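>>> Generate coordinates for the sequence data below:
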Amino acid sequence: MATVEGHIHTVLDKDQELEFLHSKLIDLEGRSHRDNISLFGFPEQAEGTDTSSFLHTVLPQLSKTVFVPPLDFQRAHHLGPRRKDGTSKPRPIIACLLRHKQVCQLLSVARAHGPFKMNSYVICITANFSRETNDCRKGFLALRPKMRQLEVKYGLFEPARLWTTKNGVSKNFYDPEDLRLYLDSLQSPSMDRVDSYRPLSTSCDNRDTSLPPPEQEGKATLHPTSGPGAGTWTDLQNPIVQEDNSCKLWRSTYSSRTEISPVPP
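Predicted structure coming up:
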C-alpha cells in the first residue's frame, strides 16, 4: 500500500513539474517575441532582396518620425510560404529590432498615427506574440460583449493581461476561463417585479386554493395550520418543507425571503 501511495505522489509531483515547465516555456517564448513587430499590408516583392534595408528606409517615411538612433533590424522576413497567385492577400512581415526601446517607440507611433498609407496600400504595425499569447488575447476579446452587457470596465494590456473594474473593485486576469467564471458570478437571474403572486405549492385536499396574497410586497407567506416552522423565517435557498395537506406557499417573483406565519384552521 505504501508503495502505491509513493507512486501516486511521484506522479503528482511529475504533473506539477510538467505544468511548471510548460508555463516556463510559454514565458520564455513570449520573451523571445518582445523585440519582434508584425507588419501587414506591404505588397509582395516590394522589399526587393533585402527586407531589413527596405524597412529601415520606409518606416521612418511612413510614420514621419525621425528615430535616433536609426532603426536597426536584426532580421526581417515574410511569414508563410510564397503565394503563387499575385491577387492573393500579401503575407505579413515579421521583423526583429536590435533595441527594445525602439520597438516601444515604433509601436507607440503606430498606435498614435496608424494605420499608414503607402500608395494604395494600408500598412498596419502591431506587436508580435507567441501562439499561446495570441490565443489568450483572442479569448479575452471574445468576452468583450459580455463585459459591456454587465457594465464592466476593462483594458487589455500586453502581452495578455486583462484589467477589469466593477463597482469600484479592480481585478487582473491572465486566463480567459477565469474571466468567464467571474462574469458568470456577476450575472443573477432576472427578478422582474410583477403585481401578482404565484403559488409554489398547492394544498393536497379539496379546500379552496385561491388564498389571497400577503399585504406586504416582496414577501411570500406559508400558511400552515400546524407545524414547527410556524411564525419563523427561512431562506428561499433552503425552504422548510412541511408535509401538511392544509398548507399553501405564496411568493412574489421578486421576493428574496419567505415568511411563515400561522393562520386559524
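
>>> Read off the pLDDT value for the closest residue to G48 other than its chain neighbours.
If the residues on either side of it in the chain are set aside, G48 comes closest to F54, at 6.2 Å by CB to CB, 6 or more residues apart in numbering. The way it works is simple: take the backbone N, C-alpha and C, and place the C-beta from them, glycine included. Note on F54: pLDDT of 92.

>>> Tell me the confidence at R148?
pLDDT, R148: 94.

>>> After the strand or helix carrying it, which helix or strand is next?
For R148, the element it lies in under DSSP states H and E is helix 144-149. Going down the chain from helix 144-149, the next helix or strand is strand 153-157, by DSSP H and E.

>>> neighbouring contacts of the helix or strand following that following strand?
Downstream of strand 153-157, the first helix or strand assigned by DSSP H and E is strand 161-166. Defining contact as CB atoms under 8 Å, 6 or more residues apart in numbering, one finds that strand 161-166 is touched by 140, 147, 150-157, 170-174, 179, 182, 186.

>>> L71 is in contact with Q61, isn't it?
No. Using CB atoms under 8 Å, L71 is not in contact with Q61, being 11.4 Å away.

>>> Can you pull out the low-pLDDT segments for this structure?
Along the chain, the parts satisfying pLDDT under 70 run over 1-2, 4-7, 85-87, 188-265.

>>> Now do stretch 69-83: distance from first to last residue.
Its first and final residues considered, stretch 69-83 spans 35 Å by CA to CA, to the nearest Å.

>>> List the buried residues for it?
Neighbour-count burial for stretch 69-83, with 16 or more other CB atoms under 10 Å as criterion, is recorded at L71, F73, A76, H78.

>>> Was I right to think the last one contacts F54?
No. Contact status for H78 versus F54: not in contact, 11.5 Å apart, counting by CB under 8 Å.

>>> count of neighbours near P145?
9 (other CB atoms under 10 Å).

>>> Next one: it from D13, what distance?
P145 sits 42 Å away from D13, going by CB to CB, to the nearest Å.

>>> And the helix of greatest length in the chain, what's buried?
Criterion DSSP state H: the longest helix present in the chain is helix 2-32. Under the neighbour-count criterion of 16+ other CB under 10 Å, helix 2-32 has G30 buried.

>>> Could you point out the helix or strand that follows that helix?
Per DSSP H and E, helix 2-32 leads on to strand 36-40 as the next helix or strand towards the C-terminus.

>>> now for the helix or strand just after that next one, which elements pack on it?
Using DSSP H and E, the helix or strand that follows strand 36-40 in sequence is helix 51-63. Judged by 3 or more CB pairs under 8 Å, 6 or more residues apart in numbering; DSSP states H and E, the packing partners of helix 51-63 are strand 73-78, strand 93-97, helix 100-113, strand 116-118.

>>> Give me the sheet partners of the shortest one and which way each runs.
Read that as strand 116-118. Partners of strand 116-118 in the sheet, by DSSP bridges, are strand 121-127 (antiparallel).

>>> The first one too?
According to DSSP bridges, strand 73-78 has the following sheet partners: strand 93-97 (antiparallel).

>>> what sits up against the partner strand?
Strand 93-97 is touched from outside by 35-40, 42, 47, 51-52, 55, 71-79, 103, 106, 128, with contacts defined as CB under 8 Å, 6+ apart.

>>> and the angle from that strand to strand 36-40?
Using axes from the mean of the first three to the mean of the last three CA atoms, to 10 degrees, the inter-axis angle of strand 93-97 relative to strand 36-40 is 150 degrees.

>>> Could I have the CA atoms of strand 93-97 written out in PDB?
C-alpha atoms of strand 93-97 as PDB (Å, rounded to 0.1, in the frame of the first residue of the first chain):
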ATOM      1  CA  ILE A  93       6.300  40.700 -42.400                       C
ATOM      2  CA  ILE A  94       8.000  39.700 -39.100                       C
ATOM      3  CA  ALA A  95      10.900  42.000 -38.100                       C
ATOM      4  CA  CYS A  96      13.200  41.800 -35.100                       C
ATOM      5  CA  LEU A  97      14.800  45.000 -34.000                       C
END
